[in-house]
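J.: whatever this is, show me its structure:
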Amino acid sequence: MRLRIEEADAGRRVDAVLADALGSRSRAQRLIADGAVRVDGRPVRKGRKLVAGEVIEVEDRPADPEPDQVPAPDFVVAWEDEHVVVVDKPAGLVVHPGAGHLAGTLAQALEARYPPPPDAGEDWRGGLVHRLDRDTSGLLIAARTVQARDALQETLRNREIEREYVALVQGRPPARSGTIDAPIGRDRRVRTRMSTDTDMGREARTHFEALEALPSSTLLRVRLETGRTHQIRAHFKAIGHPVAGDPEYGSAGLFGLERQFLHAARLAFPHPASGERIEVESQLPDDLAAALQRAREAGAR
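T.: Numbers count the residues shown, from 1 in each chain. Here you go, the predicted model:
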């Protein structure tokens with residue numbers, strides 16, 4: 001397939017234009033992710049904006065099957081008004097669509113419950129302002145208007161959103177409180193991991209405070225100053241105290257865990273319209289509460 005970009009489509013994303021031609025946004029994104037789409041002979045990302053006169057070329061291949069219809073996932077609204085929604089995300093729920101997770105994401109569920117505003121654009125993604133890993137539970141902020149999203153994103157860039165987590169880590173950190181200040185980037189050897197052992201590190205700071213010392217682990221309150229991918233998980237692995245149960249950075253299955261013991265427990269931020277301070281908290285989910293009890297009993301005989 002070859003498509004020449006006309007003036008009417010100039011400035012649009014390549015995945016949106018290709019979706020119009022194929023009749024499927026998800027298929028267009030899969031083809032781009034698989035490297036089957038080129039613009040003027042060069043591979044592209046789905047967010048690439050097009051210029052009039054460019055040519056999209058799509059490799060001839062069988063149509064990918066559409067993903068099964070997945071019911072919209074359920075989620076808890078911890079706080080909301082006409083400008084903002086704070087979601088309490090369960091573990092296992094993917095935040096944004098991507099390879100292997102084209103349906104059933106939080107972003108799609110948010111858009112089903114809160115239809116995007118008319119001026120949202122193609123990158124609305126449920127109005128979400130930040131993200132959590134699939135198996136990290138807890139609080140996330142989503143905007144309901146473009147003005148609220150822009151204000152919240154600026155607040156996030158200015159580090160005015162307080163994000164606190166509860167984490168159980170293996171062993172005992174060398175101090176009851178402290179700061180891990182170490183750039184994070186793609187690991188030099190294991191490319192699926194983020195690490196302080198990297199060639200392309202970005203500034204990253206994580207603050208922590210011990211809440212409870214247990215026989216072989218420590219319960220921490222953790223506050224993010226920056227928000228890099230896998231920041232908490234990579235930072236605590238770097239100091240030799242990985243998050244309990246973490247299959248990528250620590251020891252899977254510890255204390256009966258089926259995921260990492262990491263929960264986004266508190267958010268505080270200035271309201272994007274009124275400036276009023278909003279503070280929302282989330283209780284530890286049942287699976288983490290049960291693992292914490294097992295960790296407390298780990299040394300008992």
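J.: from what I see, Thr179 and Thr206 are in contact.
T.: Yes - applying Cβ atoms under 8 Å as the test, Thr179 and Thr206 come out as touching, 7.0 Å apart. From N, CA and C alone the C-beta is placed, and that goes for glycine too.
J.: output the below-cut-off pLDDT ranges for this structure.
T.: 60-72, 98-102, 299-301 (pLDDT under 70).
J.: please enumerate the helices of the stretch 101-250 of the chain.
T.: 106-113, 146-157, 231-238 (DSSP state H, counting those that start in this stretch).
J.: re the thing from before, higher neighbour count, Thr179 and Thr206?
T.: Set Thr179 next to Thr206 and count neighbours by other Cβ atoms under 10 Å: Thr206 wins out with 26 against 13.
J.: ok, that one - contacts?
T.: Thr179, Ile180, Val222, Arg223, Leu224, Glu225, Gln231, Ile232, His235, Phe236 (Cβ atoms under 8 Å, 6 or more residues apart in numbering).
J.: now the residue nearest to the fifth one when sequence neighbours are not counted: how far from Ser217?
T.: So that's Leu224. Counting by Cβ to Cβ, 6 or more residues apart in numbering, Leu224 lies nearest to Arg163, which is 4.7 Å off, once chain neighbours are set aside. Distance from Arg163 to Ser217, counting by Cβ to Cβ, to the nearest Å: 22 Å.
J.: return the most buried member of the helices of the stretch 101-250 of the chain.
T.: Sort these by mean neighbour count, taking mean count of other Cβ atoms under 10 Å, and helix 231-238 sits at the top with a mean of 24.
J.: packing partners of that one?
T.: strand 162-170, strand 177-181, strand 194-195, strand 205-213, strand 217-224 (3 or more Cβ pairs under 8 Å, 6 or more residues apart in numbering; DSSP states H and E).
J.: quick one, which of these is nearest to Arg131?
T.: strand 162-170 (11.4 Å; Cβ to Cβ).
J.: residues making contact with that closest one?
T.: Residues contacting strand 162-170 (Cβ under 8 Å, 6+ apart): 130, 138, 208, 211, 214, 216-224, 227, 232, 236, 241-245, 250-251, 254-255, 261-269, 284, 288, 291-292, 295.
J.: ChimeraX command to pick out the buried ones of these?
T.: Buried subset of the contacts of strand 162-170, written as a ChimeraX selection, criterion 16 or more other Cβ atoms under 10 Å:
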select :130,138,208,214,217,218,219,220,221,222,223,224,232,236,241,242,243,244,245,250,254,255,261,262,263,264,265,266,267,269,284,288,291,292,295
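J.: let me see the domain layout of this protein.
T.: Structural domains annotated on the chain: 2-58, 76-297, as defined by automatic domain parsing.
J.: ranking the ones you listed by burial, who's on top?
T.: domain 76-297 (a mean of 18).
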